[in-house]
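Participant: structure, please.
(one chain, ligands or ions: 1)
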Amino acid sequence: MRRMGLVVVVVALALAGCGDGEDRPGTVTPEGSGSGTGTGSASGTQTGSASGTGPAAPAFTEADANSVVDVALQDFSFVGIPATVKGPKVFFKASNRGPADHELEILDASGKALGEVEAMPNGKSGALAVELKPGTYTAQCLVETGGKTHVELGMKTSFQVT
Ligand SMILES: [Cu+2]
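Facilitator: As a prediction, the model looks like this:
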């Protein structure tokens, strides 16, 4: 236990050192935010995905897409995602038919998240433009209802990109 604490302190100091330099323009270090709690685990994980880089702008427009997929999000399934989608530019138009909040997250075959339409309430819609190589992909929703994720409730589907 004591050894772990020391490591955390060293990491924190190293981060502080980096933050003072001027050779990393644009990155915002977590220090100085005022909340003193949870120094240990927080500083380690946050540095990788630099804060300040917002969600990437859509890589292409609906008009430039090879496929436009209209998908309805509902309790608890995705409706409208074909078994096979022509890539590489796939434009998802998601609308929530509820009644619960839902999101649309796209994963590659290794389970890596490639993009998402963030959770939104019933009646709302959102879009996601992603470039997908040929292969197998999964759409899922990780919103929770009654202590279970919607994936656990069956809100997950696979599709092929050609
Ligand atoms: Cu959901």
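
Participant: return the set of buried residues in stretch 64-73.
Facilitator: Going by neighbour count (16 or more other Cβ atoms under 10 Å), the buried part of stretch 64-73 is 65-67, 69, 71-73. Glycine gets a C-beta too; all of them are placed from N, C-alpha and C.

Participant: quick check: mean pLDDT across it?
Facilitator: For stretch 64-73, mean pLDDT rounds to 98.

Participant: same check on stretch 85-105?
Facilitator: Averaged over stretch 85-105, pLDDT sits at 98.

Participant: can you tell if it touches the ion?
Facilitator: Yes - using Cβ under 5 Å from the ion, stretch 85-105 reaches the ion at H102.

Participant: do stretch 114-132 as well
Facilitator: No - remark: stretch 114-132 sits outside contact range of the ion, by Cβ under 5 Å from the ion, the gap being at least 7.6 Å.

Participant: mind listing residues that contact that stretch?
Facilitator: Residues outside stretch 114-132 that contact it (Cβ atoms under 8 Å, 6 or more residues apart in numbering) are 58-62, 65, 85, 87-108, 137, 141, 143, 161.

Participant: per-domain residue ranges of the protein.
Facilitator: In terms of domains, the chain is parsed into 2-46, 62-161 (source: automatic domain parsing).

Participant: endpoint to endpoint, the longest one covers what distance?
Facilitator: Using Cα to Cα, to the nearest Å, the end-to-end distance of domain 62-161 comes to 17 Å.

Participant: ok, of the domains of the chain, where does mean pLDDT dip lowest?
Facilitator: In terms of mean pLDDT, the lowest-scoring of the domains of the chain is domain 2-46 (a mean of 42).

Participant: which residue ranges of the chain form strands?
Facilitator: Secondary structure of the chain (DSSP state E): strands at 67-74, 77-79, 84-85, 89-98, 102-107, 113-120, 125-131, 135-140, 144-145, 148-149, 156-161.
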